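Colleague: Turn this into a model:
(2 chains)
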Amino acid sequence: MKNIKITTIKTAIAELIAQASFNLPEDIKEAILKFREKETRSSAVKILDLIIKNEQIAGKERLPLCQDCGNTYIDLEVGPDVFIEDSANLCRHIDRAVAEAYKKNYLRMSIVTDPLYERVNTRDNTPALVTIRYGSRPGLGISVTLKGGGSENCSYLSMENPSAGPERIIEMVLEIVRKNVTKCCPPVIAGIGIGSTATEVVRLAKAAAFRRLDIRNDDKKYRMLEERILEEINGTGIGPQGLGGYTTAIGCNIEYAPCHMATLPVSVFLQCHSLRRAGSRILQ
Amino acid sequence: MTIILKGTDISRMTKVINSDTEQFQNVIYMDTPLKEEKIKRLRSGDMVYLSGTIYGARDAAHKRILDSIDAGRPLPLKLKDMTIFYVGPSPTPPGKRSGSIGPTTAARMDGITQPLLERGLKAMIGKGKRSLSLKNMCAEYRAVYFSAPGGVSAYLSSKICSIEASAYRDLGAEAIFKIRVKDFPLFVAYDIYGGDIFEEAAAK
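Modeller: As a prediction, this is how the structure comes out:
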């Protein structure tokens, strides 16, 4: 067994938070540049160029890509060979690491305590949203995703009729895009969860939104649906920042899972272009 | 591609022609305060580079301003001819003039904006579509809604001369901020004539 120390995990989390805050992932940059080539409208080209320029400034000056430094999601994948030191207090240690990283890197603290009454800022961006699962790969996988509030507000859950087909999914996504995409900084990534249950389908949609754009769906039918939806979204003409153009979305990812015969849960996440994610694996 | 036709236009206004839509777009440099005579010149789709003092305020600050108005207490900022930026900036690192800064979703402020417009608010800066009633208020109160590019906040920080929390400091990122900007890039989203950049953009 590998004994992984808490300090090692905390250091890794702090580094990943900084990396995600200051640098756009390669696949997102590539997608922006690819769509820039297709874009004909000058205002749209200007916005896409600004996104690339912003990324360069953020990395160089160590300023966050977006002022909304998000909810902090920490996903751990525990390999079969891993023993985590003081695991009973793991979430507390993770919160400590998040608090220190946000303070040290001058990231915005956006979390409030009681959601309905006091809404007092916790002043350290905790609690982080931690999930831990067992995996088959050796070592401890850590992934950090930071999700802003504007695009979080563009999250949807619908319990559809089991007889609804792919056309209904397309219609639903387009309805959401037309109504709300300008509020979450287009170009977006449409993350769609289909199946499982009401609680789990939202996780699927989030996983889809954060999946790398160069990883395509294994299933051909779903892959074609992803391509079709992306094309349809970009047919709306809404464009970057809603100022018109082709690039309303730079990607569409679908994650699906088996579901109860009486249900067809569907969840849609519109993820902003400033997709903050970073990951690493501790092997020693 | 844009072609600049006239560079020496009156009052620092440039006409550019958008080569794909073949329509003219005004590029206007403006200073705050945005009094009515300036507001009248703006049309949806115009690009504005704004300079001067503006105030940052978002959800929680709006709630407190409204509470103060209801209770008849003095307000922490003058609203006459004021520009309010819906923003919660990231902290300013040492040696820098500003942290990352950018617009938050404006629609969340739709239901709590009228009392501010009644008191002279002339311009709002945010991102995204707003309600029909807010759009109508822009005409009624002779105010404009600017859309700022979202998610490019490190870039936008380079347009900030200074920023400081000026009231409600206990709200952290949701405090009221006094912000001095220089050539801050904006698009006129709603003008006082019913123009709507989002409808016009999608229709083209």
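Colleague: Quick one: the strands in chain B, in order.
Modeller: B:2-6, B:13-18, B:23-31, B:47-56, B:83-85, B:123-126, B:144-147, B:160-167, B:176-190 (DSSP state E).
Colleague: Redo those strands as JSON lines? Include distance to A:Val268 and mean neighbour count.
Modeller: All C-beta atoms are positioned from the backbone trio N, CA, C, and that covers glycine. Shown next, in JSON lines, are these (distance: least, C-beta to C-beta, whole Å; neighbours: other C-beta atoms under 10 Å in any protein chain shown):
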{"stretch": "strand B:2-6", "distance to A:Val268": "35", "mean neighbour count": "12"}
{"stretch": "strand B:13-18", "distance to A:Val268": "32", "mean neighbour count": "16"}
{"stretch": "strand B:23-31", "distance to A:Val268": "33", "mean neighbour count": "16"}
{"stretch": "strand B:47-56", "distance to A:Val268": "31", "mean neighbour count": "20"}
{"stretch": "strand B:83-85", "distance to A:Val268": "30", "mean neighbour count": "25"}
{"stretch": "strand B:123-126", "distance to A:Val268": "23", "mean neighbour count": "26"}
{"stretch": "strand B:144-147", "distance to A:Val268": "23", "mean neighbour count": "26"}
{"stretch": "strand B:160-167", "distance to A:Val268": "35", "mean neighbour count": "16"}
{"stretch": "strand B:176-190", "distance to A:Val268": "25", "mean neighbour count": "22"}
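Colleague: Would you format those as JSON lines with mean pLDDT included?
Modeller: Formatted as JSON lines, those follow (pLDDT from 0 to 100):
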{"stretch": "strand B:2-6", "mean pLDDT": "38"}
{"stretch": "strand B:13-18", "mean pLDDT": "58"}
{"stretch": "strand B:23-31", "mean pLDDT": "84"}
{"stretch": "strand B:47-56", "mean pLDDT": "97"}
{"stretch": "strand B:83-85", "mean pLDDT": "98"}
{"stretch": "strand B:123-126", "mean pLDDT": "98"}
{"stretch": "strand B:144-147", "mean pLDDT": "98"}
{"stretch": "strand B:160-167", "mean pLDDT": "98"}
{"stretch": "strand B:176-190", "mean pLDDT": "97"}
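Colleague: now those strands as a markdown table including distance to A:Asp68?
Modeller: Converted to a markdown table, these look like this (distance: least, C-beta to C-beta, whole Å):
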| stretch | distance to A:Asp68 |
| --- | --- |
| strand B:2-6 | 30 |
| strand B:13-18 | 31 |
| strand B:23-31 | 27 |
| strand B:47-56 | 14 |
| strand B:83-85 | 14 |
| strand B:123-126 | 13 |
| strand B:144-147 | 17 |
| strand B:160-167 | 16 |
| strand B:176-190 | 15 |
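Colleague: Run through the bridge partners of the most centrally placed residue in chain B.
Modeller: In chain B, the residue lying closest to the centroid (C-alpha atoms, centre = their mean) is B:Ile125, at 2.3 Å. Note on B:Ile125: beta-bridge partners by DSSP bridges are B:Phe85, B:Phe146.
Colleague: right, and it touches B:Met82 too?
Modeller: No - using C-beta atoms under 8 Å, B:Ile125 is not in contact with B:Met82; the gap is 11.3 Å.
Colleague: shared neighbours of those two, anything?
Modeller: Both B:Ile125 and B:Met82 are in contact with B:Ile54, where contact means C-beta atoms under 8 Å, 6 or more residues apart in numbering or on different chains.
Colleague: can you pull out the helices in the stretch 51-200 of chain A?
Modeller: Using DSSP state H, counting those that start in this stretch, the helices of the stretch 51-200 of chain A run over residues A:90-104, A:149-152, A:166-180, A:198-210.
Colleague: buried ones in the third one?
Modeller: In this case it means helix A:166-180. Neighbour-count burial for helix A:166-180, counted by 16 or more other C-beta atoms under 10 Å in any protein chain shown, picks out A:169, A:172-174, A:176-177, A:180.
Colleague: how about JSON lines for the residues you listed, with distance to A:Gly149 and pLDDT added?
Modeller: Conversion of those to JSON lines gives the following (distance: C-beta to C-beta, whole Å; pLDDT from 0 to 100):
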{"residue": "A:Ile169", "distance to A:Gly149": "26", "pLDDT": "98"}
{"residue": "A:Met172", "distance to A:Gly149": "23", "pLDDT": "97"}
{"residue": "A:Val173", "distance to A:Gly149": "21", "pLDDT": "98"}
{"residue": "A:Leu174", "distance to A:Gly149": "24", "pLDDT": "98"}
{"residue": "A:Ile176", "distance to A:Gly149": "17", "pLDDT": "97"}
{"residue": "A:Val177", "distance to A:Gly149": "19", "pLDDT": "97"}
{"residue": "A:Asn180", "distance to A:Gly149": "14", "pLDDT": "95"}
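Colleague: Looking at the residues you listed, spot the one nearest B:Asn136.
Modeller: A:Asn180 (20.3 Å; C-beta to C-beta).
Colleague: helices and strands around the lengthiest helix in chain B, which ones?
Modeller: In chain B, taking DSSP state H as the definition, the longest helix is helix B:59-71. Where contact means 3 or more C-beta pairs under 8 Å, 6 or more residues apart in numbering or on different chains; DSSP states H and E, helix B:59-71 is packed against helix B:114-118.
Colleague: on that earlier part again, worst average pLDDT in the helices of the stretch 51-200 of chain A?
Modeller: Ranked on mean pLDDT, the bottom entry among the helices of the stretch 51-200 of chain A is helix A:149-152, at a mean of 94.
Colleague: buried residues in it?
Modeller: Applying 16+ other C-beta under 10 Å to helix A:149-152 flags A:149-152 as buried.
Colleague: coming back round to it: for the record, mean pLDDT for the longest helix of chain B?
Modeller: 97.
Colleague: buried ones in that helix?
Modeller: For helix B:59-71, using 16+ other C-beta under 10 Å, the buried residues are B:59-62, B:64-65.
Colleague: From A:Lys5, how far off is the residue nearest to the centre of chain B?
Modeller: 47 Å (C-beta to C-beta, to the nearest Å).
Colleague: Quick one: closest of the helices of the stretch 51-200 of chain A to chain B.
Modeller: helix A:149-152 (4.8 Å; C-beta to the nearest C-beta).
Colleague: Take the helices of the stretch 51-200 of chain A and write them to a markdown table, including distance to A:Tyr222.
Modeller: Below are the helices of the stretch 51-200 of chain A laid out as a markdown table (distance: least, C-beta to C-beta, whole Å):
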| stretch | distance to A:Tyr222 |
| --- | --- |
| helix A:90-104 | 33 |
| helix A:149-152 | 23 |
| helix A:166-180 | 9 |
| helix A:198-210 | 10 |
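Colleague: these two touch, right, A:Met172 and A:Ser267?
Modeller: No - judged on C-beta under 8 Å, A:Met172 makes no contact with A:Ser267 at a distance of 10.3 Å.
Colleague: Need the overlap of contacts for the two.
Modeller: Joint contacts of A:Met172 and A:Ser267 (C-beta under 8 Å, 6+ apart) are A:156, A:158.
Colleague: number of nearby residues for the closest residue to chain A within chain B?
Modeller: Going by C-beta to the nearest C-beta, chain A is nearest to B:Ala201 of chain B, at 3.1 Å. B:Ala201 has 26 neighbouring residues, counting by other C-beta atoms under 10 Å in any protein chain shown.
Colleague: which one is A:Arg216 nearest to, not counting chain neighbours?
Modeller: Closest residue to A:Arg216 apart from its sequence neighbours, by C-beta to C-beta, 6 or more residues apart in numbering or on different chains: A:Arg223 at 5.4 Å.
Colleague: go on, B:Leu75?
Modeller: That would be B:Ser68: by C-beta to C-beta, 6+ apart, it lies 5.6 Å from B:Leu75.
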